[in-house]
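Asks: Sequence first, then the predicted structure:
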Number of protein chains: 2
Amino acid sequence: MNPPYEVDPWRIRETELDLARLAQTESVFALSNGHIGVRGNLDEGEPSGLPGSYLNSLYEQRPLPHAEAGYGYPESGETVINVTNGKIIRLLVDDEPLDVRFGDLESHERVLDLRAGTLTRRMVWKSPAGARIGLTSTRIVSLTQRAIMAIHYEVEALDEETQFVVQSELVANEPLPGPGRADPRVSAVLMAPLVEDEHFANDDRVVLVHETRASGLRMAAAMSHEIEAPGKMSVDAEAQPDIGRVTVATRLKAGQKLTLVKYVAYGWSSHRTRAALHDQVAAALAGAELTGWEGLVEEQRAYLEEFWRGADVQVEGDPEVQQAVRFALFHILQAGARAERRMIPAKGLTGPGYDGHTFWDTETFVLPVLTYALPDAAADALRWRHSTIPQALERAAQLNLPGASFPWRTISGQECSGYWPAGTAAFHINADIAEAVARYVDATQDEAFAREIGVDLLVHTARLWRGIGHHDLNGKFRIHGVTGPDEYSAVADNNVYTNLMAQANLRDAADVALAMPEEAARLGVTAEEAASWRDAADKMLIPFDERLGVHPQSAGFTDHAPWDFLNTPPGDYPLLLHYPYFDLYRKQVVKQADLVLAMQLCGHAFTPEEKERNFAYYEALTVRDSSLSAQTQAVMAAEVGYLELAHDYLAETALMDLRDLGHDTANGLHLASLAGAWNALVSGFGGLRPDHGTLCFSPRLPETLGKLSFRLRYRGSLICVTVRPNAATYALYEGEPVQISHHGEEHLLDKEITLTIPKITPNLPAPHQPPGRSPRRHTHDPFHDQGTV
Amino acid sequence: MNPPYEVDPWRIRETELDLARLAQTESVFALSNGHIGVRGNLDEGEPSGLPGSYLNSLYEQRPLPHAEAGYGYPESGETVINVTNGKIIRLLVDDEPLDVRFGDLESHERVLDLRAGTLTRRMVWKSPAGARIGLTSTRIVSLTQRAIMAIHYEVEALDEETQFVVQSELVANEPLPGPGRADPRVSAVLMAPLVEDEHFANDDRVVLVHETRASGLRMAAAMSHEIEAPGKMSVDAEAQPDIGRVTVATRLKAGQKLTLVKYVAYGWSSHRTRAALHDQVAAALAGAELTGWEGLVEEQRAYLEEFWRGADVQVEGDPEVQQAVRFALFHILQAGARAERRMIPAKGLTGPGYDGHTFWDTETFVLPVLTYALPDAAADALRWRHSTIPQALERAAQLNLPGASFPWRTISGQECSGYWPAGTAAFHINADIAEAVARYVDATQDEAFAREIGVDLLVHTARLWRGIGHHDLNGKFRIHGVTGPDEYSAVADNNVYTNLMAQANLRDAADVALAMPEEAARLGVTAEEAASWRDAADKMLIPFDERLGVHPQSAGFTDHAPWDFLNTPPGDYPLLLHYPYFDLYRKQVVKQADLVLAMQLCGHAFTPEEKERNFAYYEALTVRDSSLSAQTQAVMAAEVGYLELAHDYLAETALMDLRDLGHDTANGLHLASLAGAWNALVSGFGGLRPDHGTLCFSPRLPETLGKLSFRLRYRGSLICVTVRPNAATYALYEGEPVQISHHGEEHLLDKEITLTIPKITPNLPAPHQPPGRSPRRHTHDPFHDQGTV
């Protein structure tokens, strides 16, 4: 199979329409600004893989059924809904509807332009009756006007005079493909989640207002149009409860074009009235009309230019990865840019996967990218977490714990996890949030944020850890019965990742209480309490297996039976679909980096020798059934010196969606895997490890790459790091000097400095993965040479 | 509050009708033969606490919903259904229905006679209009005619001539009290589980045939009547799909009586046709009619006389316990007598609690009683397990395990547990079944059973253990990730109970393979395989905490945080209703005996000092939120010398249902707690520990008891053990001499022998329980002095 998209440094382009991959391409071509998200569905609505239009945090509640109930189980879940679809523009060519499944699609192209921030479709189609037309549509979800999506739609009669009827629509409760979920009640709720409040049509303009049935959230969608045609045309608008339609009819001679600009505005609220929401979207439309199509396009390009100036990553020697990392940065920007104190879901707003929930992935994998590329968006995501502190305090109290317990998965801030051993028990999410706070504050010195947001998050999570853990008879501080990142283990004692992250959380909270005594007093933190955090951190138990010279992922892990990899057929992956949790949990098999992630995020806790031994030990057990894993393995492979292996893992995470490696891009992009492209490059080959005011780098390239260059914003400055095989150049582009370290050597970067890169030779034999689970050798056996990917 | 029932050695009698406790009394007064079970509902059907008529293993399927699905989760559950109610006899007195909520109930009595096997109700009632009547009804569920229930019903006009209309009914799909379950789908299925196949009425006879909707089981109920009245009467029969009715109308002068004998026959099958089932119940009716009421009563009494001859337990010094242990034995007999290769549910056939499922309780707590009291019933229960081997093999394969994995809860043999950490992971049930097999074979030397049933159960479970466990680097055999008996811990490594029981299972299987080479060959057991079982058993890891000198319940348990008992208010028990599993699992708090049960069942693995230390350690952590716990604590308290404490625990388990100590007797009796009365007396104060051909006793009475006497059937003999404060007398009543041991001294019991009892003085301070969780001091502060129980 050819690569589905052209390899191009700044564009994602397809030139053939493969209906079997339609849903996947809709995710890849999704546009979003973090507030609105629209999948790359074809303008005419059909065929579609999975229709999707989303508004951040607009969800419906649904019951969470339990075969056996338990205290503290969430009884209500939240699911992102497919909101009123404003993308649809149907076209009747003479008397036949444009439908690419019929007639001849003579040419087809879709292009996602990463600098323009637009999705453009060009096609030539001959209707079954023989009318040839050209269609060019360009779609934009504005990064500058948060409520606005717009489409520039142009049709042309190519050969002869043709009658065109364009129906530009707003469609609520559009049917979704079944069978979907096993539980009929879920589908019942979600198949028509919107209840009509108002429908209004006038001239070329329609407004539809709806409410969700159970969650009681109100949304409005509005559209207006600018239409140009060379001859006579008629324009009609009509509205019904679930549909609004503006119909334009005209005749075009060969070579003539009908041009239509469709502006769509969205708004939602849990508080505002129908009238207020109606006015809000009408006002947004007026603003967009004033800016005009060209204005929106210009604003978009300018916004992106500024983004790329501070965030671009260049890779020489691997054009696929070059494309993928920019694609990744673009989608992370889209997810976070205008989320504005709403959460960033695991799939962004590109699909309904994971019910539209956010998980720890955002803080741990996505926010590092935003922190150094678009710090305000990182702050906003953490402000959203801060806004959910009341629910987290309540949840902790329900769980018999002090402090705040943030949900494993949620939209609103309520715990929505239906399986506590892999949900509630994964308390590490609280330390992950704290780490994201500390990282952001270190990277920005954002004092106001630290006072208003950071201290609360750090203190409430530290209290949680102090309450979850306990001292044993030897005075060690233990954290029992929790689940680490690896989902093939659960409810274990002294998970090294969790304990180290909690240790940092406790220390950061104690530090901030010392640094901000007024804020600490506001939260009732006493010196005794802060001292107890420091004590718990100092006494934190980190299990180590002396016999093997490695850290067990959790206490006792290295005594578990090894997984029988030799007798596990390739078709049995992902294992969770073929083996019970019972079997997975009690054996040495790792879904995703856990101890290895601890070595990345808490590197000081390990000696170089331990890192090397641990890496090899877990490499042999890790099956990467989670798309989160490859990037961490890439980072640590690079650190311990397996640079080609790191490159393979980099390619796996970077190409997860462009090559659909997980076979589920159809339901939305894997935002954390996309972030992984940046993490693998910047933290892997760049060796970035921020350390309290110093940006530490240990850059090192595999032989396959000639150059890696990336930009970081840090404390108001902008720096560029350029890594070549033997040396790295650090340049200060903007702002005050920055304290850096290069392979352990400290420097104050005030202009530009080039430093040589020491060689590394691993001490151990090359690590191996479970049989059949090695990453594809990217450089030697690229994906596009494979029959299947 | 007065004790609800008169204290009487052979009867359970109430003399006041307390409508608030109606459901509870219906469980206590339930009649069953193991095939049919009928709750002690009032004849006239209303008022009722919970109407209930059950047929062993007649269940309906229902969906088991999961908020998050997982591989191997059961998707379908099974629930016992309330079958066609044959108990109902309504009465119209003049023109007013007999309803004890109206008019005056001048006297009321219900008596369960443990020697007659009957439930008799006597009452005098004055209707709101002033008619005084006497009513005596006696109900029997025949232990000799398995398909038959019969009611002798007599009404008398006490003061004046009165018109009586008696409506004797069969009612299918009778309404059950709501709201019941949270999941509406469950109720939807279970509220009207029966679909009509046939209804038939003729003379005084009605037959109703139904099928269950989803499980496709067919049942038939039939009734016929013998009616006597002094004067003119009319008799009519009618049937509709869900109701059959025989109406008798007559007038009685003062002192005259109407007598009606109602015979009800039940049958069900998954295979037989409607016609065959119809004929089956009609034939059963014909048999019962031939025997006649008096005949049924005589057969019943003779059956029970033989039972009590072999099973009676006498206690001097505690009349409440005396009554309770006979009540217990009676209900265990009722549950097991005629179950005949069907399972024995946790509630017997006395109520719908636990969905009518059977659990490990049956093998571990109920079968010991049956093994020594009614061995054929124990064999039948194990034959039922044997019949489910195909499902257990399939389940094991699904779980990636060799051998057979029996379900945690089931009716048909399919796993019905909706929460795997406390269901599937509790693999000890497999060793519990194996232990029950070994116990039965030891107690009976039933060679045919051993060949046909025993060897299969032992071999398939041994294979499971060999597959679940693994050797570690030190060569120790470990069993990781399983749940022991204590449900406040789950999915732990090297649970001592599980490992010791598995060890015995592996050895018993290896022994039986050696003893029965042909059977072993039939099952494909090689010498290598049997050797691997012995090796695994020999190398079994049993964790021990050297610092504390106690066995951790599972590896790491003694390093868990202690539960904060001081800050747990009394209203927070049972803890599982107020704390999440997450919190319970990771702390030192014990729902029910686990390590302490291991000390009872695998006593050889512990030194006396270890038993004493372990007992004290776990006593301080055990909250007895499970009704299974007290009996084991009684047994081990007696063994380590805390005889008064043992008596308190004995009383708790013995009076669980007669005093409704768990506040859920309404849903059915706790069969395992009832068995606990016997276990606490016989294994506790009698110190019974069977040991491969020797019945070992270490009898010892608390000062509160003057004498304990019990009978046991063993290898075809019947012995009686009489324990007095200073000596025990062993008498052989029937059969060949029996090898016994008395406090470690071996004797061949060939007639009668009296041996003195050595004194015991515990070495440690008296153990204490968690605050507020001590058992009530039974002898000093009896239950009937308490305001509430």
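Replies: Looks like it came in fine. Numbering: from 1, shown residues only, chains lettered A, B, ... in the order given.
Asks: Phi and psi next, for A:Val437.
Replies: The phi/psi pair for A:Val437 (degrees, to the nearest 10) reads phi -60, psi -50.
Asks: got the contact list for it?
Replies: By CB atoms under 8 Å, 6 or more residues apart in numbering or on different chains, the residues touching A:Val437 are A:382, A:453-454, A:457-458, A:508. Where C-beta positions appear, they are placed from N, C-alpha and C, glycine not excepted.
Asks: Likewise for A:Asp99?
Replies: Per CB under 8 Å, 6+ apart, neighbours of A:Asp99: A:44, A:46-47.
Asks: same thing but 6 Å
Replies: With CB atoms under 6 Å, 6 or more residues apart in numbering or on different chains as the criterion, no residue contacts A:Asp99.
Asks: Assumed it was part of a helix.
Replies: No. Using DSSP: H, G, I helix; E, B strand; the rest coil, the assignment for A:Asp99 is coil, not a helix.
Asks: How about the contacts made by the residue in the stretch 1-150 of chain A that chain B sits nearest to?
Replies: Relative to chain B, the nearest point of the stretch 1-150 of chain A is A:Ala67 (2.3 Å; CB to the nearest CB). By CB under 6 Å, 6+ apart, the contact set of A:Ala67 is B:64-66, B:418.
Asks: and if you look at A:Pro690?
Replies: Applying CB under 6 Å, 6+ apart to A:Pro690 gives the contacts A:Asp442.
Asks: change it to 8 Å
Replies: A:439, A:442-443, A:696.
Asks: Can you tell me which of these comes closest to B:Glu106?
Replies: Within these, the smallest distance to B:Glu106 is 81.7 Å, found for A:Arg439 (CB to CB).
Asks: Per-residue pLDDT of the closest one, please?
Replies: What the model reports for A:Arg439 is a pLDDT of 98.
Asks: what's the answer for A:Gly180, then?
Replies: We note a pLDDT of 49 for A:Gly180 in this prediction.
Asks: for A:Phe557, same thing?
Replies: Taking A:Phe557 on its own, its pLDDT is 98.
Asks: Can you go through the contacts of A:Ala67 and name the buried ones?
Replies: Neighbour-count burial (16 or more other CB atoms under 10 Å in any protein chain shown) applied to those gives B:64-66, B:418.
Asks: show me what contacts the residue nearest to A:Leu523 when sequence neighbours are not counted?
Replies: Closest residue to A:Leu523 in three dimensions, ignoring its sequence neighbours and counting by CB to CB, 6 or more residues apart in numbering or on different chains: A:Val459, at 4.9 Å. A:Val459 is in contact with A:403, A:509, A:512-513, A:520, A:523, A:525, counting by CB under 8 Å, 6+ apart.
Asks: Confirm A:Val459 sits in a helix?
Replies: Yes. Counting by three-state DSSP, A:Val459 is located in a helix.
Asks: circling back to that earlier point, most neighbours among the contacts of A:Val437, which one is it?
Replies: Highest neighbour count within the contacts of A:Val437, by other CB atoms under 10 Å in any protein chain shown: A:Leu458, with 30 neighbours.
Asks: Look at the closest residue to A:Thr362 other than its chain neighbours and give its secondary structure.
Replies: Counting by CB to CB, 6+ apart, A:Thr362 lies nearest to A:Ile344, which is 4.7 Å off, once chain neighbours are set aside. The local conformation at A:Ile344, judged by three-state DSSP, is coil.
Asks: Spit out the contact partners of A:Ile344.
Replies: So A:Ile344 contacts A:34, A:335-336, A:358, A:362, A:366, A:381, A:671 (CB under 8 Å, 6+ apart).
Asks: Now distance to A:Leu650 and pLDDT too, for the residues you listed, in CSV please.
Replies: CSV is the format used below for those (distance: CB to CB, whole Å; pLDDT from 0 to 100):
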residue, distance to A:Leu650, pLDDT
A:Gly34, 26, 97
A:Ala335, 21, 98
A:Gly336, 22, 96
A:Thr358, 25, 97
A:Thr362, 21, 98
A:Val366, 17, 98
A:Ala381, 25, 97
A:Leu671, 17, 98
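Asks: Could you identify which of those has the most neighbours?
Replies: A:Ala335 (32 neighbours).
Asks: and A:Asp113, how far is that from B:Asp594?
Replies: Distance, A:Asp113 to B:Asp594, using CB to CB, to the nearest Å: 65 Å.
Asks: Which of these two has more residues huddled nearby?
Replies: B:Asp594 (27 against 19).
Asks: How much space separates the residue of the stretch 1-150 of chain A closest to chain B from B:Thr632?
Replies: As judged by CB to CB, A:Ala67 and B:Thr632 stand 29 Å apart.
Asks: give me the number of residues near A:Thr761?
Replies: Neighbour count of A:Thr761, defined by other CB under 10 Å: 5.
Asks: In contact with the nearest residue to A:Ala311 once chain neighbours are set aside, which residues?
Replies: Of all residues not flanking A:Ala311 in the chain, A:Ala373 sits nearest, at 3.6 Å (CB to CB, 6+ apart). Contacts here follow CB under 8 Å, 6+ apart; on that basis A:Ala373 touches A:307, A:310-311, A:329, A:332-333, A:678, A:711-713.
Asks: and with 7 Å instead?
Replies: Neighbouring residues of A:Ala373 by CB atoms under 7 Å, 6 or more residues apart in numbering or on different chains: A:310-311, A:329, A:713.
Asks: same question, A:Asp493
Replies: So, once contact is read as CB under 7 Å, 6+ apart, A:Asp493 ends up touching A:478, A:480-481, A:554-555, B:556.
Asks: re earlier: with respect to B:Ala616, which of the contacts of A:Pro690 is nearest?
Replies: Of all these, B:Ala616 sits closest to A:Arg439, with 49.9 Å by CB to CB.
Asks: my read: the closest one touches A:Tyr372, true?
Replies: No. With contact defined as CB atoms under 7 Å, A:Arg439 does not count as touching A:Tyr372 (9.1 Å).
Asks: More neighbours: which of the two?
Replies: Under the criterion of other CB under 10 Å, the comparison of A:Arg439 against A:Tyr372 puts A:Tyr372 first, with 27 against 20.
Asks: sec struct for the more buried one, please.
Replies: helix.
Asks: ok, so what distance separates it from chain B?
Replies: 34 Å (CB to the nearest CB, to the nearest Å).
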